[in-house]
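Engineer: any chance you could fold what I've pasted below:
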Amino acid sequence: MSFFKKFFSKEKEEDLDKGLEKTKTNIFSKLGKAIAGKATVDEEVLDELEQVLISSDVGLDTTIKIIERIEARVARDKYLNTSQLNAILREEIVALLAENNTGDVEDFSPPGDHRPYILLVVGVNGVGKTTTIGKLAYQLTKSGKKVVLGAADTFRAAAVDQLGIWAERAGCEFYSKGMNTDPAAVAYETVKYAVDNKLDVAIIDTAGRLHNKIGLMNELTKIKRSINKMHDGAPHDVMLVLDASTGQNAIEQCSKFSEATDVTCLALTKLDGTAKGGVAIGISEQFKIPIKYIGVGEGMEHLQIFNKKAFVDSLFKGAEQFTN
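Structural biologist: Next comes the predicted model:
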């Protein structure tokens, strides 16, 4: 039984396939046109492949590494025909991502033996941060965990109310001090609430402003210090939420946030609505920060565990229809 079959139900597999359909069409229709009439993988084909990967938001650095790997295989094997290109490309992407040594998460259970497990969530406005928190809370609650959501995004209009609605939908606890209050104080009191009530998980939302690096660092440092003061060793993870549909902008946001704070994991949203899903490959390879979750639809069930091999398997499924 493959890893994909072991950890993904048929429904989840279909959701992932559907979510990556636009990305798949974007990459392989371009690749099909690039190799049309070509018999062997030569320098011209590799140049075309490089352009396809870059235009699909895989990222320049990651694209160069993939191309160099395929060039090495061409040099070693002397003759590779274009009909083999999909399989070779898939193998090299899987191998490259596997080298990152950022193990895939197997389920929605909080890592380690922390109780409560404290997750701080960061990201700019509009990426689906609050929605991702709500969907994650739903998955955790469904698995039997007692969860509280902390509304530390206290400056954006309706942010507190929006998180409260998601908490109600997810069937979990909600902690708020209202609008225009100190985010660090909200974070502290959310953790205290989780400790006092013997909850399993506290997820804390933060303001989605991306101002200068120093301002961002100071704000997040204050929140993290406040959380740690209440519960030693917390937060246990800092999750950055990125919108896949923004392509290279998502990579830039990852760079800025990872410089400003200790980002330990990622969630990649809106994969179903974009042809730029290749950005998942670039982000995973470049930053060596594990992508834990991906959003492949609007429904509560459409937040999935990210598994590198399953993602690539789905991306290449049926790719031959575009390139044969």
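
Engineer: those strands in this protein, which residues are they?
Structural biologist: For the chain, applying DSSP state E gives strands covering 117-122, 147-152, 173-175, 201-206, 237-243, 265-269, 291-295, 303-305.

Engineer: just checking, what packs against the third one?
Structural biologist: What it means is strand 173-175. Judged by 3 or more CB pairs under 8 Å, 6 or more residues apart in numbering; DSSP states H and E, the packing partners of strand 173-175 are strand 147-152, helix 159-170, helix 183-196. Yep, even glycine has a C-beta here, placed from its N, CA and C like the rest.

Engineer: again, but for the fourth one
Structural biologist: Here strand 201-206 is seen to pack against strand 117-122, helix 129-142, strand 147-152, helix 183-196, helix 213-230 when contacts are counted using 3+ CB pairs under 8 Å, 6+ apart.

Engineer: how does it look with 7 Å?
Structural biologist: Here strand 201-206 touches strand 117-122, helix 129-142, strand 147-152, helix 183-196, going by 3 or more CB pairs under 7 Å, 6 or more residues apart in numbering; DSSP states H and E.

Engineer: domain-wise, how is the protein divided?
Structural biologist: 8-102+315-323, 117-314 (automatic domain parsing).

Engineer: where among the ones you listed is average confidence lowest?
Structural biologist: Mean pLDDT per stretch puts domain 8-102+315-323 lowest among those, at a mean of 85.

Engineer: okay, now the closest residue to Ser255 other than its chain neighbours: neighbour count?
Structural biologist: Nearest residue to Ser255, sequence neighbours excluded (CB to CB, 6 or more residues apart in numbering): Phe287, at 7.7 Å. For Phe287, the tally of surrounding residues (other CB atoms under 10 Å) stands at 18.

Engineer: and for the one 5 residues further on?
Structural biologist: Close neighbours of Lys292, defined as other CB under 10 Å, add up to 22.

Engineer: do the same with the one 5 residues further on
Structural biologist: Other residues near Gly297 come to 18 when the count uses other CB under 10 Å.

Engineer: picking up where we left off before, looking at the helices and strands packed on strand 173-175, which is closest to Gly126?
Structural biologist: Counting by CB to CB, Gly126 lies closest to helix 159-170 out of the helices and strands packed on strand 173-175; the figure is 11.9 Å.

Engineer: buried ones in that closest one?
Structural biologist: Neighbour-count burial for helix 159-170, counted by 16 or more other CB atoms under 10 Å, picks out Ala159, Val160, Gln162, Leu163, Gly164, Trp166, Ala167, Ala170.

Engineer: any idea how far the spatially closest residue to Gly164 that is not a sequence neighbour lies from Ile133?
Structural biologist: Spatial nearest neighbour of Gly164, chain neighbours left out: Phe174 (5.2 Å); criterion: CB to CB, 6+ apart. From Phe174 over to Ile133 the distance is 11 Å, taken as CB to CB, to the nearest Å.

Engineer: how many neighbours does the nearest residue to Ser176 once chain neighbours are set aside have?
Structural biologist: Computed as CB to CB, 6+ apart, the closest residue to Ser176 that is not its neighbour in sequence is Ala151, at 4.1 Å. The number of residues packed near Ala151 is 28, by other CB under 10 Å.

Engineer: partners of Ala151 in the sheet?
Structural biologist: Under the criterion DSSP bridges, Ala151 forms beta bridges with Asp205.
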